[in-house]
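>>> Sequence and predicted structure below; questions after.
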Amino acid sequence: MEKIQWVLDPTHSEIGFKVKHLMMTNVHGNFNQFNMNMHTSGEDFSSAQVDFSIQMKSIDTSNEQRDAHLLSADFFDAEAHPEMIFKSTAVSKTDDHNFQINGELTIKQITHPITLKAEFGGIHKDPWGNLKAGFSVEGKMNRKDFGLTWNAPLETGGVLISEDVKLYAEIQLVKTMPEAQQA
């Protein structure tokens, strides 16, 4: 079966997160620099191997002070650990338009398994003839599993920041030509 490589279309993709603040509302953030590759056997995405990396210094929560704190040793320690990395271990189709992606997420050189859900948006040709595939992805992680333990207690009980972080992404991939056809 033909091996296909799908590469990220960064201008039509985004990766973000949200976390409870003060135990009552969500604070949203994005990573503006990331890369993703997917390899499949034919156009069957249940055979996919997915790898992505995120440049930590590209974090953007629309608040420079908060971004600086997240990049500090209290959280991501971005100087020592500039990338977050995900590698899939298994992809399974749950129905015609949905997949479960099991993999390993590495933050600050700490690796834990994580499960993501991906909704397949379809495959279409863009106006320039490129074949593209789209996915909406979501998942959840416990930040303490990755050494992201900073917090502050609240006078009324509870803590400033939730342990659970919700992840989401809108991903558009471009099919590349097999190496044999590029020569």
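That came through, no problem.
>>> Got the confidence number for the nearest residue to Thr106 once chain neighbours are set aside?
Distances taken as Cβ to Cβ, 6 or more residues apart in numbering place Ile85 nearest to Thr106, at 4.5 Å, with adjacent residues excluded. Backbone N, C-alpha and C define where each C-beta goes, glycine included. Looking at Ile85, its pLDDT stands at 98.
>>> which element is Ile85 on?
For Ile85, the host element (DSSP states H and E) is strand 83-95.
>>> Outside of that strand itself, list whatever touches it.
31, 45-56, 76, 99-107, 113-114, 117 (Cβ atoms under 8 Å, 6 or more residues apart in numbering).
>>> mind running it again at 7 Å?
45-46, 48-56, 99-107 (Cβ atoms under 7 Å, 6 or more residues apart in numbering).
>>> Can I get the buried part of those as one ChimeraX selection?
To isolate the buried members of the contacts of strand 83-95 in ChimeraX, using 16 or more other Cβ atoms under 10 Å:
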select :45,48,49,50,52,53,54,56,99,101,103,105,106,107
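>>> quick one, phi/psi of the spatially closest residue to Leu131 that is not a sequence neighbour?
Taking Cβ to Cβ, 6+ apart, and ignoring the residues beside it in sequence, Leu131 has Lys175 as its nearest neighbour in space, at 4.1 Å. Note on Lys175: its backbone torsions stand at phi -70, psi 130 [degrees, to the nearest 10].
>>> Give me the residue ranges of this structure where confidence is low.
Under the criterion pLDDT under 70, the flagged ranges of the chain are 1, 177-183.
>>> longest helix in it, by residue count?
helix 64-71 (DSSP state H).
>>> Give the buried residues for that helix.
66-67, 70-71.
>>> swap in stretch 155-167?
Result for stretch 155-167 [16+ other Cβ under 10 Å]: buried residues 161-162, 165-167.
>>> For stretch 42-62, which outside residues touch it?
Here stretch 42-62 makes contact (Cβ under 7 Å, 6+ apart) with 1-2, 4, 15, 27, 29-41, 67, 70-71, 76, 78, 81-88, 91-93, 99, 101, 103, 120, 123.
>>> Which among those count as buried?
Buried by 16+ other Cβ under 10 Å: 4, 15, 27, 29-31, 34, 36, 38, 40, 67, 70-71, 76, 78, 81, 83-84, 86, 88, 91, 99, 101, 103, 120, out of the contacts of stretch 42-62.
>>> Ile54 and Val137, how far apart?
13 Å (Cβ to Cβ, to the nearest Å).
>>> cool, Gly147 as well?
Taken as Cβ to Cβ, the span from Gly147 to Val137 is 24 Å.
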